[in-house]
Each structure stands twice: as structure tokens, then as C-alpha cells.
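Participant: What would the 3D arrangement of this be:
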Amino acid sequence: MNGIYLIQEEGCLNPYSGAFQHISMGVEQLSQHFEINTYLAQKSVLLKNFQKRTSKKETISTPTVVKNTLYGTFKDLLILFKSLKTIPCLIKCFRVEKNDFVYERASYLNFSGLIACKYLGIPHFYEANGLQFESRKKYYKSYFYKIAKILEKSSYKYATHTFFVGSYGDYWNIKKNNWTNVENGIETQNILEFQKKILHPEFIDICFVGRFMKHQRLDIFTDGLRLYENKELLRVNLIGTGLEEVEDEIRKLGIKIINHGFVSRSNMVPLLHKFPIAIIAGSPEHQSCMKLFDYAAAGCAVIAPNIYNLQYWFSDELLFFNSTAIDFSIKLKELIETKESVAFFSERLQLKILNNFTWNKIFQKKTEIIKFNIQ
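Facilitator: Residues are numbered from 1 along each chain as shown. As a prediction, this is how the structure comes out:
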């Protein structure tokens, strides 16, 4: 059976982005069950060419919000028009390929892949990672916002099946049995053999992975550390880009800190393995937290906010706090001072990931659904 993995946004092919990691794993896993051709819009592409294209890490800038709403509305209409204009080309492409299905990463106001598949009678599967209509707010305002939301929900409703990464299926609550919540995953070979971590007698290493972004709620992290009484017992390890201001703020608290900066995926888990405790300070309610899988692979115990998605998938494997700095401080103290807590949570989480959330297990479930719908 043949399939097309369809990508509509070139930005997803930045080799240092989470999107590229997700797409790479998707193509690799689907290729174990189907003959997969990868397309960027109407053009066939090889992912390895994008991996080689960039020799050093690219800087990802923080988006600036354009306040001119008329400009934003015009831009939305232009995006929609341009995507609809590609439908004839996609129809021609799908006919030539003679594919049995199309697996598409959902993108903002681009329904050309779905419409082309409907015209040809080809099963169409969406992978929806986030709320497309909501994420556009980071860049500009638009009067088209509500219409974009309606169109996005409709596209999922009319797809053969949609795989919602995280728990966004519960957000949309589509009254049709054509969607599934799925999580992110991790490569099996990246999961280290579990070892009970011994807390350092002079200081406790805690770590955070991520970029400086509003939804990361680093304000809760730093405020929680400010409230923590035994600051001399802590050493904070920051891993990611744009964290210099956070580093300065924590250093002013008198807490030991190391800013490791950007760390490649190949070196991420071995580095995290040195730290017993890992932090998720904040995340959107239904969004998957990719850092969690690296934490788990390294055998870290994780303190996390009680958001819907994390409780949905990991209700017994994480130490939850109520999304306030006060409770974060309390839970950090509890984890450090309660005997065996670090070993309990770290082992429990790693086993959950190993048994349920490796990439091959994630895509085994997806493959079963795809095969059922294309028979």
C-alpha cells in the first residue's frame, strides 16, 4: 500500500524544530508499514536533504504581534486563497502517485489536501498538533478568527480520521467517530536503563528544558524557587535557548545555576540522566509536552502542573502542583525530603513511557486505524 505524507508549511522542515522531529519520526514509522512519499505541497522532498541543509543551529526569533487587524484579515484571506489555488495541482499529483491514502500534518487555513482527496475518493488522515486558529494570534490579529475556528473544526470532521496530538480531540469534541487522541513518543534506543538516582549530599540538581516562551510559565518556576526555603540545597540546570534572563533571576536568588544552552537531541538524554528532578512549569491545557519524554527516558522524577493533558495521560506518574508558585515550592520540598519519592516517580514514569509511548507503539496504533479505513 502506498501513502503520501503531506506537509504544507516549509517552516516545519527546519531541522532544529519540534515539528521536524515529529515529521521525521512519522515518515520513518509509517515507512515500516507502507510505501511513503513525502511531499511539501505539490513537490516530492527527501527529509535528509533538509537535515544536511543547515550546518549550525538556526536562531528561532520570538514572533512580533502585528496589531493592524485589517492587515491580519487580509493576510488570512490570502492564505486561504493561495491554498485553494493549489487544489488542481494536488489532484494531478495524487492521480500520478496512485496513492492509497494521504497523511497530512494540519496547517492553518490550508484545506487543499483534504479537498483534493475528497474529489478523488482517497482516504485522508490529519495529524493535528495544536490549535491552528489559536496559534496564529502570536503573529497578528484578524477579524477572520472565528471563521478560521469553524473551518478548522469542519476539516477534522470531514477527514477520514484525525489524530490529535495531546488531547485536542477532547477540546473539539467532534460528534463523529473519526478521531483519536495520541501522544508524542520517543525512540526506544534513547530510553536509558533505569538506575536509582542518589541525591547529592551537598546540593540537589533540578533541570528545565525549553525555550523562553510565555506558555512555559517560567515566572512560576522562578517565583517558586524564590519561595523555597533551603535555596542552598539546589542547583538549577537550564537547557535551551533564550534563557539568559531566567538564569540571571535565579542567580540573584543565591541559587547555584548552570545554563547549558542549546543541546542536540543526541546529547539531550545523557545530559538529563545526571539530574534527578526535572521541571515542567507550564503548558497549554491540551498540548503534548515533548520534553516530558526526554525526562522520562533519562529517568528523571518530574514535577508538573495539573493541566488536562498531563493528567489525561500520566495521572499516576507525575508529581502534580496546582499551577501556582506556592504549590510548586511545596511539591519541590516534598519530593526532595520524602524518602524514596524521586525513585518512585522516576521509575514509574519511565516504565509508562517504555510500555506505551515509544514511537513504534504510537504508530502501531495509527497504522491499525489507517489500514482499517483504506481496506
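Participant: Next one: residue 118 relative to residue 280, how far apart?
Facilitator: Going from residue 118 to residue 280 by CB to CB, to the nearest Å gives 39 Å. To be clear about C-beta, it is placed using only N, CA and C from the backbone, and glycine gets the same treatment.
Participant: Of those two, which one has the most company?
Facilitator: Of the pair residue 118 and residue 280, residue 280 is the one with more neighbours under other CB atoms under 10 Å, namely 24 against 14.
Participant: Just give the nearest non-adjacent residue to that one, would you?
Facilitator: Spatially, and ignoring its direct neighbours in sequence, residue 280 is nearest to residue 304 (4.2 Å; CB to CB, 6 or more residues apart in numbering).
Participant: Any idea what that neighbour is bridged to?
Facilitator: Per DSSP bridges, the residues bridged to residue 304 are residue 320.
Participant: I'd say it and residue 323 touch.
Facilitator: No - look at residue 304 against residue 323 with CB atoms under 8 Å: they stay out of range, at 9.7 Å.
Participant: More neighbours: the two, which one.
Facilitator: Regarding residue 304 and residue 323, a neighbour count based on other CB under 10 Å identifies residue 304 as having more, with 26 against 16.
Participant: and the next element down the chain from the helix or strand harbouring residue 50?
Facilitator: Take DSSP states H and E as the rule and residue 50 turns out to sit in helix 47-53. Scanning forward in sequence from helix 47-53 by DSSP H and E, the next helix or strand is helix 69-85.
Participant: shouldn't residue 128 be in contact with residue 165?
Facilitator: Yes - the pair residue 128 / residue 165 is scored as a contact, 6.7 Å apart, by CB under 8 Å.
Participant: Neighbours of residue 179, how many?
Facilitator: 22.
Participant: give the contact list for it.
Facilitator: Residue 179 is in contact with 156, 161-164, 169, 172, counting by CB atoms under 8 Å, 6 or more residues apart in numbering.
Participant: Kindly report the same for residue 272.
Facilitator: 207, 209, 239, 278, 294-295, 297-298, 300.
Participant: Can you add neighbour count, pLDDT and secondary structure and give those back as a markdown table?
Facilitator: Shown next, in a markdown table, are the contacts of residue 272 (neighbours: other CB atoms under 10 Å; pLDDT from 0 to 100; DSSP: H, G, I helix; E, B strand; the rest coil):
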| residue | neighbour count | pLDDT | secondary structure |
| --- | --- | --- | --- |
| 207 | 23 | 97 | strand |
| 209 | 25 | 96 | strand |
| 239 | 23 | 96 | strand |
| 278 | 27 | 97 | strand |
| 294 | 22 | 96 | helix |
| 295 | 30 | 97 | helix |
| 297 | 26 | 96 | helix |
| 298 | 24 | 96 | coil |
| 300 | 29 | 96 | coil |
